[in-house]
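> structure for this input, please:
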Amino acid sequence: MLDDGLIPADAFAAPSAEVDLSGFDPAAKPIGPQRKSAAKKALLELSPRLKEWQTRLLAQGASGGPQRLLLILQGMDTCGKDGVIKHVLGGLNPVGVRVASFDKPTRRELAHHFLWRIKRQVPGPGLIGVFNRSHYEDVLVPRVHEMVPTTVLAQRYAEINSFEQHLANRGVLLVKCFLHISPEEQEKRLIARLDDPKKTWKYDPDDVTERARWDSYQQAYNDAITSCAGADAPWSIIPSDDKWYRNWAVAALLARRLQDLDPQYPPPPDAAHEKARIRATRVHIHNRRG
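Model prediction:
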């Protein structure tokens, strides 16, 4: 078994009571490696575990099993959603990974229920899906910009809870991660994008406009995490000021959750019978060639 050395399942769990992100240090390292070199080594050691569990999940899905995993990544701009996808999931078999990004809704998407575009991207059996932003954008942005009344937000929280419970009932393992960074770290990362010609394409002036609403977004996240944290859809708060620690933490959490899911290879076929069938086709192949 691959259970030695894995983190506790609740290592980064958000509290069951009301969430207050100001009480969480974005630079904390409550468990695991404390230095960059150690984190890189630990991430390398986790890679084969993740690949093994992914292969099992794929095999189980191919044989009709309903289980799949959905990783939801949320956080302030520059928190590292793309970095997690690259460094944590980049080594997996791409056949079994589906990544969906949710930017500002299009006119077509706005004509539908807010969960319409989300439901279209739920991964199929055996797959690992990643939401780079998600349905939570539809309770965060409207709250910060006061686009809808509080009654609408409350209804959306309820709909999200119902949707996520439905997913869990269908075999979807939800891993929801809030990548927690400080405003000081975000400032450094935004400026770094302007200083590096290879990163300027990632710079969006609107990010600075939204940054000015930092406190409002923190409160919006407090409410969303508190309101949408069911037993089958818990939140994890990942300290993300240090990119290397963030990547290790998400990888370790995924390894823990995949092991808890415990996907299994399907039972093998009757090997002797199938080998005989394979050999029997020789006659047909030779006859057709002749």
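> ranges for the strands of the stretch 151-290 of the chain?
Secondary structure of the stretch 151-290 of the chain (DSSP state E, counting those that start in this stretch): strands at 172-180, 235-239.
> so what are the sheet partners of the longest one and their directions?
Strand partners for strand 172-180, identified by DSSP bridges, are recorded as strand 68-75 (parallel), strand 235-239 (parallel).
> buried sites along the first one?
Within strand 68-75, the residues that count as buried by 16 or more other Cβ atoms under 10 Å are 68-75. Every C-beta, even on glycine, is put in place using the N, C-alpha and C of the backbone.
> out of the residues you listed, who's nearest R170?
R68 (8.7 Å; Cβ to Cβ).
> that closest one reaches G129, doesn't it?
Yes. Counting by Cβ atoms under 8 Å, R68 does reach G129; the two are 6.8 Å apart.
> which residues do these two both contact?
Taking Cβ atoms under 8 Å, 6 or more residues apart in numbering as the contact rule, R68 and G129 both touch P123.
> follow-up on the earlier one: which one among the buried residues of strand 68-75 gets closest to L253?
Nearest to L253 among the buried residues of strand 68-75: L71, at 9.1 Å, using Cβ to Cβ.
> residue contacts, the closest one?
89, 128-131, 175, 177, 250, 254.
> can you get me a residue count around the closest residue to K199 other than its chain neighbours?
Closest residue in space to K199, ignoring its immediate chain neighbours: R193 at 4.4 Å, by Cβ to Cβ, 6 or more residues apart in numbering. R193: 16 surrounding residues under other Cβ atoms under 10 Å.
> with L261 instead?
17.
> for R108, same thing?
Counted with other Cβ under 10 Å, the neighbours of R108 add up to 9.
> V139 versus that one, what's the distance?
21 Å (Cβ to Cβ, to the nearest Å).
> with L73 instead?
The value you get for L73 to V139, if Cβ to Cβ is used, is 16 Å.
> neighbour-wise, which one of the contacts of L71 leads?
Among the contacts of L71, V250 has the most neighbours (other Cβ under 10 Å), with 27 neighbours.
> for that residue, give me its contacts.
Applying Cβ under 8 Å, 6+ apart to V250 gives the contacts 71, 84, 88, 177, 238.
> now the second one: which helix or strand?
Remark: V84 resides in helix 81-89, with elements defined by DSSP states H and E.
> the inter-axis angle of the next helix or strand after that helix versus strand 68-75?
Per DSSP H and E, the first helix or strand lying C-terminal to helix 81-89 is strand 97-101. Between the axes of strand 97-101 and strand 68-75, defined by axes from the mean of the first three to the mean of the last three Cα atoms, to 10 degrees, the angle is 30 degrees.
> for the following helix or strand past strand 97-101, list every residue counted as buried.
Downstream of strand 97-101, the next assigned helix or strand under DSSP H and E is helix 107-110. Residues of helix 107-110 classed as buried: E109 (neighbour count, 16+ other Cβ under 10 Å).
> same question for stretch 12-23.
Buried positions in stretch 12-23, judged by neighbour count with 16+ other Cβ under 10 Å: 12, 14, 19, 21.
> CSV for those residues, including pLDDT, distance to D242 and secondary structure?
Listed next are these as CSV, based on pLDDT from 0 to 100; distance: Cβ to Cβ, whole Å; DSSP: H, G, I helix; E, B strand; the rest coil:
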residue, pLDDT, distance to D242, secondary structure
F12, 97, 14, coil
A14, 96, 20, coil
V19, 96, 22, coil
L21, 97, 17, helix
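> wait, which of these is closest to Q219?
Ranked by distance to Q219 (Cβ to Cβ), the buried residues of stretch 12-23 are led by L21 at 8.7 Å.
> for that closest one, give me its contacts.
Each residue near L21 by Cβ under 8 Å, 6+ apart is listed here: 178, 180, 218, 221-222, 225, 237.
> show the buried residues in those residues.
Here, 16+ other Cβ under 10 Å leaves 178, 180, 218, 221, 225, 237 buried among the contacts of L21.
> isn't the first one right next to P234, touching?
Looking back up the chat, that one is F178. No. Assessed by Cβ under 8 Å, F178 is found out of contact with P234, at 11.2 Å.
> just for the stretch 151-290 of the chain, where's the confidence low?
The stretch 151-290 of the chain contains residues with pLDDT under 70 at 285-290.
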